[in-house]
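1. got a predicted model here, sequence first, then my questions.
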Amino acid sequence: TGGGAVVRRVKLAENNSPEPRDRIYTNYNYFNNVPGGFGDVNRYVFGFVKTFRDGGMSIEVRFPFASTLASDLIAEQAGSKSTQFGNATVIWKTLLMESDHSLVSGGCGVAIPTGEDTRLYRLDGRKILQINNEAVHLLPYVAMLLIPQESVFLQGFLQFDVDANGIARNELFDVVG
């Protein structure tokens, strides 16, 4: 499937820190020869984080794109490629505990269905299947940062992914005849 499904949700721990901080960033991943007809996939994420409440909280917004399968596919042909916008994610973070050598934070992300729907057509133009990108995902998490020495640190994230509105509504079309 294309659109929001191919440009997968980004894990909150990717390119992140348990500590709220102001920043603008980009992330790039290259996936070679992805199975299932996807071929090579180039994924980009552009994002920013803004802190508030004296640096104790932050809001982050992520915008994923990928050069991958197109959203409109023809069943009898190899999948065409295009650049697809994925599902945007908004992430809230707050400090829960902080000491000289450690901190614990937590929050929740929301993945919003901003990517395209996926459609599968027959060669004659008849639509076979449409997968509607309507899923909203809640991403609660807790994160920790330990700094036992000045030059050593350890960080970890525990994230859950809750589909807030169930399985996407898909439409199967009659293509007999």
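-> That came in fine, so what should we check first? If you're wondering where the values come from, they're calculated on a predicted model, not measured in any experiment.

2. flag the shaky bits of the chain, pLDDT-wise.
-> Residue ranges of the chain with pLDDT under 70: 1-9, 36-37, 78-79, 166-177.

3. all the helices of it, residue numbers only.
-> In the chain, no helices are found when defined by DSSP state H.

4. in it, which spans are strands?
-> Here the chain has its strands, by DSSP state E, at 23-34, 39-52, 57-69, 72-74, 81-85, 89-98, 102-111, 118-121, 127-131, 137-149, 152-159, 162-163, 170-172.

5. and the first one, how far out from the chain middle?
-> Read that as strand 23-34. In terms of CA atoms, centre = their mean, to the nearest Å, the centre of strand 23-34 is found 11 Å from the chain centre.

6. for that strand, name the packing helices and strands.
-> Strand 23-34 sits against strand 39-52, with contacts defined as 3 or more CB pairs under 8 Å, 6 or more residues apart in numbering; DSSP states H and E. For glycine as for every other residue, the C-beta is placed from the backbone atoms N, C-alpha and C.

7. what pairs with the strand it packs on, and is each one parallel or antiparallel?
-> strand 23-34 (antiparallel), strand 57-69 (antiparallel) (DSSP bridges).
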